[in-house]
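Student: sequence plus the predicted model coming up.
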Amino acid sequence: MSDLARPWFATRTEDGTALPYACWALTGPALAISSAPLGGGIGLRWWVINATVPMSYRRDDPDAHLTALADQADLRGPGVGLLTGVDVRRTVTCDEAGVRIWATVGLGTPILAAADPDPGADPGRVGTINLVAALPVRLSDAALVNAVATITEAKSQALVELGLRATGTATDAVVVLCPPDGPPEPYGGPRSTWGARLARVAHRTVHDGARPGGPGHAG
């Protein structure tokens, strides 16, 4: 995925506020797996957007919202769209041996995944840890699913090491991109070659983005 070198940034105005969004435009389709509100699931994708929204965001049609942003950025074909309360110009990135992850780490509403819901919490409040990962090799469908689990485990490890009683936020999302062709790697777990690299890179990006004073600590 050498054509996914870095995002470019655009700005739109909503309700009188200038808000940035990050765009990754691919020169060819990538095989993707994602939990994003737009373009989630497994399939070929041509672009990725990660858009900053206000912490008071309440729209119930994020897919339509993100589609409009893609049109504004002249992105064509199916893509993946993410939303975050973090200023995306503060994206952190790490790489290892061809594996790269970009992260926006917003921890305004950290949670423990299996804990009982907090009755006083605002369920609509955004914060969000968004992770966009790219690999240079094809992963099988099973390995793609495993890669999402591996990245999520590494994210949770980083938060625990940072002293946070949290596994993430309620609105976290992940995207994994790889070439659509070539012999598929069968494994994406943390002890596989590519899964181990994903785990280390995910851990570093979340750790760097969430540390006190880091790019995403307040979001």
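Tutor: Here it is on my side, so go on.
Student: quick one, helices of this structure?
Tutor: Using DSSP state H, the helices assigned to the chain run over residues 62-72, 141-161, 193-210.
Student: which strand runs longest in the chain?
Tutor: The strand spanning the most residues in the chain, taking DSSP state E as the definition, is strand 17-34.
Student: so what's Ser156 up against?
Tutor: With contacts defined as C-beta atoms under 8 Å, 6 or more residues apart in numbering, Ser156 is in contact with Thr167, Gly168. Quick note: C-beta positions are derived from backbone N, CA and C, even for glycine.
Student: the nearest residue to Ala97 once chain neighbours are set aside: neighbour count?
Tutor: Closest residue to Ala97 apart from its sequence neighbours, by C-beta to C-beta, 6 or more residues apart in numbering: Arg197 at 5.6 Å. The local packing of Arg197 (other C-beta atoms under 10 Å) involves 21 other residues.
Student: cool, Arg89 as well?
Tutor: As a measure of burial, Arg89 has 14 neighbours, counting by other C-beta under 10 Å.
Student: start the count at 469 instead of 1 going forward.
Tutor: Happy to do that; since the first residue is 469 now, the last one works out to Arg557.
Student: what's the spacing between Arg568 and Leu537?
Tutor: Between Arg568 and Leu537 the distance, using C-beta to C-beta, to the nearest Å, works out to 23 Å.
Student: who has more neighbours out of those two?
Tutor: Neighbours per residue, other C-beta under 10 Å: of Arg568 and Leu537, the larger number sits with Arg568, 24 against 21.
Student: if the more buried one is in a bridge, with which residues?
Tutor: In this entry, Arg568 is beta-bridged to Asp563, Ala602, by DSSP bridges.
Student: quick one on the thing from earlier: switch the helices of the chain over to CSV; also include distance to Gly576 and mean pLDDT.
Tutor: Putting these into CSV (distance: least, C-beta to C-beta, whole Å; pLDDT from 0 to 100) gives the following:
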stretch, distance to Gly576, mean pLDDT
helix 530-540, 18, 96
helix 609-629, 14, 97
helix 661-678, 11, 96
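Student: hang on, His533 packs against Tyr525?
Tutor: No. At 9.2 Å, His533 and Tyr525 do not qualify as touching, with contact defined as C-beta atoms under 8 Å.
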